[in-house]
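A.B. asks: Structural data only, the sequence is not supplied:
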């Protein structure tokens, strides 16, 4: 198997890191790989903030729901969707800029996701581990104030980076025929979902020493209620009107 393909298929989220700091040249190399990702219209709307200050790291860990590895990882990055920087470039040339459109919000958010995934692959190729931290969106306004983010910039997620101190099992993914379709959308066969649910139940039991028994379908209860209902009003206050 090709080395890159093998690397991509061996991804694990790492939540326990060795105390070693990640050298600056490695972080710079990783972020450059992120910059090489595709960007809609070359807007390059991704901004990465490396948080070194220990107090800020601890505060971010709290804001993310008490995730201690935010403070403990060798490095912590915050990936932001940034329409402030391109807006300044447009107005500097005398143009009019309205960064609040829904399409611009989508473009900026997608830019960030593509850049971050490039960074994840680069980090793992260098022997590092990563963990995305969507929990920053639990308290996004506090994160903005802590990191002094201007309007039209919002934190999409955090990114723990460091030397792994664990080798977790690979989390099984949905069967390929459930995801890859031909010519039209098709509902997944119930038997395929049932088989995957059984596989995930075995995975959770193994990972937790029998303390958790759950399936993929059961875990989707997270979608049953409102998920971070504060985000719409938060984005509007940041200038993303989503018109």
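C.D. replies: Received, thanks. From a predicted model like this one, the values you see are computed outputs, not experimental measurements. Residues are numbered from 1 along each chain as shown.

A.B. asks: measure stretch 233-243 end to end?
C.D. replies: Using Cα to Cα, to the nearest Å, one end of stretch 233-243 lies 13 Å from the other.

A.B. asks: For that stretch, list every residue counted as buried.
C.D. replies: Within stretch 233-243, the residues that qualify as buried are 234, 235, 238, 239, 240, counting by 16 or more other Cβ atoms under 10 Å. Every C-beta, even on glycine, is put in place using the N, C-alpha and C of the backbone.

A.B. asks: Tell me the first helix or strand C-terminal of the lengthiest helix in the chain.
C.D. replies: Longest helix in the chain, counting residues (DSSP state H): helix 102-125. The helix or strand immediately downstream of helix 102-125 is strand 129-133, counting by DSSP states H and E.

A.B. asks: just checking, what packs against whichever helix or strand comes after that next one?
C.D. replies: Next helix or strand after strand 129-133 toward the C-terminus (DSSP H and E): helix 140-147. Under the contact criterion of 3 or more Cβ pairs under 8 Å, 6 or more residues apart in numbering; DSSP states H and E, helix 140-147 touches helix 54-63, strand 153-162, helix 231-237.

A.B. asks: Now render the ones you listed as a markdown table, adding distance to residue 125 and mean pLDDT.
C.D. replies: Listed next are these as a markdown table, based on distance: least, Cβ to Cβ, whole Å; pLDDT from 0 to 100:
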| stretch | distance to residue 125 | mean pLDDT |
| --- | --- | --- |
| helix 54-63 | 25 | 98 |
| strand 153-162 | 13 | 98 |
| helix 231-237 | 33 | 95 |
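
A.B. asks: from the ones you listed, which stretch is densest packed?
C.D. replies: strand 153-162 (a mean of 25; mean count of other Cβ atoms under 10 Å).

A.B. asks: Check which helices and strands it is in contact with.
C.D. replies: helix 69-72, strand 75-82, helix 102-125, strand 129-133, helix 140-147.

A.B. asks: now for the ones you listed, which one comes closest to residue 56?
C.D. replies: If you check each of the helices and strands packed on strand 153-162 against residue 56 by Cβ to Cβ, helix 140-147 wins as the nearest, at 6.0 Å.

A.B. asks: Show me how this structure divides into domains.
C.D. replies: What automatic domain parsing lists as the domains of the chain is 3-168, 170-224.

A.B. asks: who touches stretch 186-202?
C.D. replies: 172, 174, 175, 177, 178, 213, 214, 215, 216, 217, 218, 219 (Cβ atoms under 8 Å, 6 or more residues apart in numbering).

A.B. asks: mind redoing it with 6 Å?
C.D. replies: Defining contact as Cβ atoms under 6 Å, 6 or more residues apart in numbering, one finds that stretch 186-202 is touched by 172, 174, 175, 178, 213, 215, 216, 217.

A.B. asks: average pLDDT across it?
C.D. replies: Stretch 186-202 carries an average pLDDT of 97.

A.B. asks: from the middle of its chain, how far away would it be?
C.D. replies: 26 Å (Cα atoms, centre = their mean, to the nearest Å).
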